[in-house]
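Visitor: What follows is a predicted structure for the sequence shown.
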Amino acid sequence: DAGITQSPRHKVTETGTPVTLRCHQTENHRYMYWYRQDPGHGLRLIHYSYGVKDTDKGEVSDGYSVSRSKTEDFLLTLESATSSQTSVYFCAIRDDRVNTEAFFGQGTRLTVV
Amino acid sequence: GQQLNQSPQSMFIQEGEDVSMNCTSSSIFNTWLWYKQDPGEGPVLLIALYKAGELTSNGRLTAQFGITRKDSFLNISASIPSDVGIYFCAGQGAGKSTFGDGTTLTVKP
C-alpha cells in the first residue's frame, strides 16, 4: 500500500460546514492526487500536487481546495460542503517506477446532509 | 474533458471462462492503465502500457495498448472467484489520468 493512510475513513457533516480530509504517505513520493468516486462511475481528479506548495486543478476542482506544506501530507478542503460533494474520496500517489498513480488509499466516505 | 468508454458495464461468467473488456477514447493517450477495485478498497494497479501495440501480461491477465493509441483491452483467462470486482481502465496524458466508468465482474463458481 506504499504507506498511504487517509483520515478520517468516514465522516458525516452538515451542509455549509468546512471539511478537511487528510492523506499521509511515508515514502517521500513527489506526486499526490485527490479523486472522488461516485456510484457507477470511475474516479475523477479533483486536484493534484507535484511537490511541496505545488498544486494544480483537476477535472472537478470547483468547491475544493488543497494544500501541501510537507511532502508527506496532502490536505483536501471543502470550504462549505454541499450535498453534491457526498462521495468517496481517494488519495493516490505516483510511483516513479511506473510513472503513474500506482497506489491508492482506502478512501474516505463523506456524507453531507 | 476527455471521455473514456469502457465496455461492457457488467459481466456474469462461470468460473473457468475467459473474460474480455475494453476501453475506447476519442483522444490519444500516452499510457493506458488497468486497475481492479474490491468493495471498500482503493483501486489496485494491474497493468501499465506505455507504447502503441504493446502487449503485456501479469499472470492470467493480458492487456494491449491499441495501435491508434485510442483504445486498450484487458483479457482475463480461466477466471476464478477472486477475480470478482470492478475493473477500471485509465488513459494518461499530460501527467493526468482519465478513468472509465468500470466493468463489474461477477464469477459464478
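Guide: That came in fine, so what should we check first?
Visitor: When you work out contacts or count neighbours from here on, use the C-alpha atoms and nothing else.
Guide: Fine.
Visitor: And B:Gln6, how far from B:Asp101?
Guide: 6 Å (CA to CA, to the nearest Å).
Visitor: Revised request: answer the last question for B:Gly85.
Guide: Applying CA to CA to B:Gly85 and B:Asp101 gives a distance of 13 Å.
Visitor: How about the closest residue in space to A:Arg22 that isn't next to it in sequence: which residues does it bridge to?
Guide: The shortest distance from A:Arg22 to any non-neighbouring residue, by CA to CA, 6 or more residues apart in numbering or on different chains, is to A:Leu75 (4.7 Å). With beta bridges defined as DSSP bridges, A:Leu75 has these partners: A:Arg22, A:Ser67.
Visitor: Grab the nearest non-local neighbour of the one residue sitting closest to the centre of chain A.
Guide: Closest residue to the average C-alpha location of chain A: A:Trp34 at 2.9 Å, with CA atoms, centre = their mean. The spatially closest residue to A:Trp34, leaving aside those adjacent along the chain, is A:Cys91, at 4.7 Å (CA to CA, 6+ apart).
Visitor: circling back to that earlier point, tell me which of B:Gly85 and B:Asp101 has more neighbours.
Guide: B:Asp101 (26 against 17; other CA atoms under 10 Å in any protein chain shown).
Visitor: contacting residues around that one?
Guide: A:40-43, B:4-6, B:9, B:88 (CA atoms under 8 Å, 6 or more residues apart in numbering or on different chains).
Visitor: Now the buried members of those.
Guide: Among the contacts of B:Asp101, the ones that count as buried by 16 or more other CA atoms under 10 Å in any protein chain shown are A:42-43, B:4-6, B:88.
Visitor: who touches the residue nearest to A:Arg22 in this structure?
Guide: A:20-23, A:66-68.
Visitor: Just give me the closest of those to B:Ile28.
Guide: Nearest to B:Ile28, judged by CA to CA, of the contacts of A:Leu75 is A:Val66 at 29.0 Å.
Visitor: Around that closest one, how many other residues sit close by?
Guide: Neighbour tally, A:Val66, other CA under 10 Å: 24.
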